[in-house]
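**Student:** Let me see the structure of the following:
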Amino acid sequence: MFTLRHLGTQPLRTARLTLLPQTTADAIPMFENWASDPEVTRYLRWEPHQSWTDTAALLAAWEPLYQNPDYYQWGIHLNESGVLIGSISLQRGEESDPGAWRVPGLDFSQGVWDPGYCIGRAFWNRGYTTEALLAVRDYWFNQVGGSWLACCHASANPASGRVMQKAGWVYDHDAVYHKFNGAPVDCRVYYQKNPNEP
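**Tutor:** Next up, the predicted model:
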């Protein structure tokens with residue numbers, strides 16, 4: 001059994017991206033680049049923001065949570081320009097019932113952890129989301145020490161599933177998740193095991 005060594009939202013860097021904790025200073029680029037776009041938020045749990053002040057209020061609520069070692073929420077920045085293009089997080093997922101999973105041998109003692117991500121429409125189809133997801137996956141497996149990760153996407157959004165597959169996730173089963181307003185969403189659920197697992 002793996003023991004999680006929660007390290008919180010540490011900066012992560014890839015060939016093209018830097019992942020950093022978000023602050024209220026990110027409110028305007030976050031609002032303009034993705035949080036206000038209904039095409040980006042269409043399959044997410046939350047509705048598009050109506051004003052940058054909505055985004056600022058959300059970021060202000062997140063900021064104190066970064067003190068918690070099990071809080072993982074990054075802004076995705078382009079290395080070349082520093083532009084904030086999206087966000088990615090790790091959180092306890094809804095798919096916590098061991099009986100829902102087909103793959104044998106998953107350890108549920110630490111809960112089910114699930115990456116979530118979104119990226120501005122102007123930056124789609126360039127591999128940025130996969131690159132960020134791989135960075136978060138490697139951090140979880142190599143630094144935090146998790147034995148596996150779940151991941152899910154709305155069934156109507158297969159593009160998100162392709163990101164997961166490119167990053168090594170394997171489809172397991174169908175399920176339903178819920179938006180923050182309670183609306184149910186049919187989804188497809190994936191898993192990936194830590195390759196360092198004995």
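
**Student:** Quick check: pLDDT value at the residue nearest the centre of the chain.
**Tutor:** For the chain, the residue nearest the mean C-alpha position is residue 116 (2.2 Å; CA atoms, centre = their mean). Looking at residue 116, its pLDDT stands at 94.

**Student:** My read is that it contacts residue 74, right?
**Tutor:** No. Contact criterion CB atoms under 8 Å: residue 116 and residue 74 do not qualify, at 10.9 Å. Bear in mind the C-beta positions are built from the backbone N, C-alpha and C, glycine included.

**Student:** any residues in contact with both of these two?
**Tutor:** 88-89 (CB atoms under 8 Å, 6 or more residues apart in numbering).

**Student:** returning to that earlier point: what about the residue nearest to the centre of the chain, which helix or strand?
**Tutor:** For residue 116, the element it lies in under DSSP states H and E is strand 113-119.

**Student:** that older thread, just give the nearest non-adjacent residue to the residue nearest to the centre of the chain, would you?
**Tutor:** Nearest non-adjacent residue to residue 116, counting by CB to CB, 6 or more residues apart in numbering: residue 89, 5.1 Å away.

**Student:** what's the answer for residue 142, then?
**Tutor:** Using CB to CB, 6+ apart, the nearest residue to residue 142 is residue 196, at 7.3 Å.

**Student:** Ramachandran angles for that neighbour?
**Tutor:** phi -90, psi 0 (degrees, to the nearest 10).

**Student:** Now do it, the pLDDT please.
**Tutor:** Confidence at residue 196, expressed as pLDDT, is 83.

**Student:** hang on, it packs against residue 141?
**Tutor:** Yes. Residue 196 is within contact range of residue 141, at 6.4 Å (criterion: CB under 8 Å).

**Student:** between these two, which one's more packed in?
**Tutor:** Of the pair residue 196 and residue 141, residue 141 is the one with more neighbours under other CB atoms under 10 Å, namely 20 against 10.

**Student:** which residues sit in contact with the closest residue to that one other than its chain neighbours?
**Tutor:** With sequence-adjacent residues excluded and distances taken as CB to CB, 6+ apart, residue 141 is closest to residue 194, at 4.4 Å. By CB under 8 Å, 6+ apart, residue 194 lies in contact with 2, 141, 145-148.

**Student:** Check residue 130 too.
**Tutor:** Under the criterion of CB under 8 Å, 6+ apart, the neighbours of residue 130 are 163, 166-167.

**Student:** Which of those has the largest number of neighbours?
**Tutor:** Using other CB under 10 Å as the neighbour criterion, residue 163 leads the contacts of residue 130 with 24 neighbours.

**Student:** contacting residues around that residue?
**Tutor:** 117, 129-130, 133.

**Student:** Could I get the residues you listed in a markdown table, plus columns for distance to residue 31 and secondary structure?
**Tutor:** As requested, the contacts of residue 163 are arranged in a markdown table below (distance: CB to CB, whole Å; DSSP: H, G, I helix; E, B strand; the rest coil):
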| residue | distance to residue 31 | secondary structure |
| --- | --- | --- |
| 117 | 17 | strand |
| 129 | 19 | helix |
| 130 | 24 | helix |
| 133 | 23 | helix |
